[in-house]
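J.: predicted model and sequence below, questions to follow.
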Amino acid sequence: MPNSRKEYFHQFYLKNREKYIEKAKKRREEMKLASKTIPANCFRCQKDFFIKYVPYKKRYSLKNNWDYWTKNEENKEKKICNNCLVDLFKNHREEFKQSIPNLDRQQMLRYYLSEGCL
Ligand SMILES: [Zn+2]
């Protein structure tokens, strides 16, 4: 039955084509989200940088928010670049401990550094 065979493969093709299109669409959306960044200015070194969007968390990265580390409302508008976070941790221990008094956050920053997230 060549006709039904043909039909079967045609259906198979259509089904997979749909799946493929769906996958490609999803990938495109993810790429679009990944390229979504917001420009920011580091309050510490005054340099411009970009805050990345984290697709799997569906929000912008928190690590560049100074109030995230300091847990201080007064720092809500302050942004800090990755270089300064590294510099603070590696070269300015006293400043690091004073500005980030929360031990969980200190540990988190240590973890980010060890994982190469900064
Ligand atoms: Zn900076």
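T.: Thanks, I have the structure now.
J.: make it CA atoms for all contacts and neighbour counts henceforth
T.: OK.
J.: and the longest strand seen in the chain, does that touch the ion?
T.: Counting residues, the longest strand found in the chain (DSSP state E) is strand 48-54. No - Strand 48-54 stays clear of the ion (Cα under 5 Å from the ion), getting no nearer than 8.1 Å.
J.: what is the helix or strand that that strand is followed by packed up against?
T.: Proceeding N to C from strand 48-54, the next assigned helix or strand is strand 59-60, under DSSP states H and E. Under the contact criterion of 3 or more Cα pairs under 8 Å, 6 or more residues apart in numbering; DSSP states H and E, strand 59-60 touches strand 48-54.
J.: swap in 10 Å and give it another go.
T.: Under the contact definition 3 or more Cα pairs under 10 Å, 6 or more residues apart in numbering; DSSP states H and E, strand 59-60 sits against helix 2-34, strand 48-54.
J.: that strand pairs with which strands?
T.: Applying DSSP bridges, strand 59-60 is found paired with strand 48-54 (antiparallel).
J.: mean confidence for the partner strand?
T.: Averaged across strand 48-54, pLDDT comes to 91.
J.: okay, the angle between it and helix 2-34?
T.: When axes from the mean of the first three to the mean of the last three Cα atoms, to 10 degrees is applied, the directions of strand 48-54 and helix 2-34 differ by 140 degrees.
J.: give me the buried positions along strand 48-54.
T.: Going by neighbour count (16 or more other Cα atoms under 10 Å), the buried part of strand 48-54 is Phe49, Ile51, Lys52, Tyr53, Val54.
J.: of the residues you listed, closest to Glu7?
T.: Top of the list for closeness to Glu7, among those and by Cα to Cα, is Val54 at 43.7 Å.
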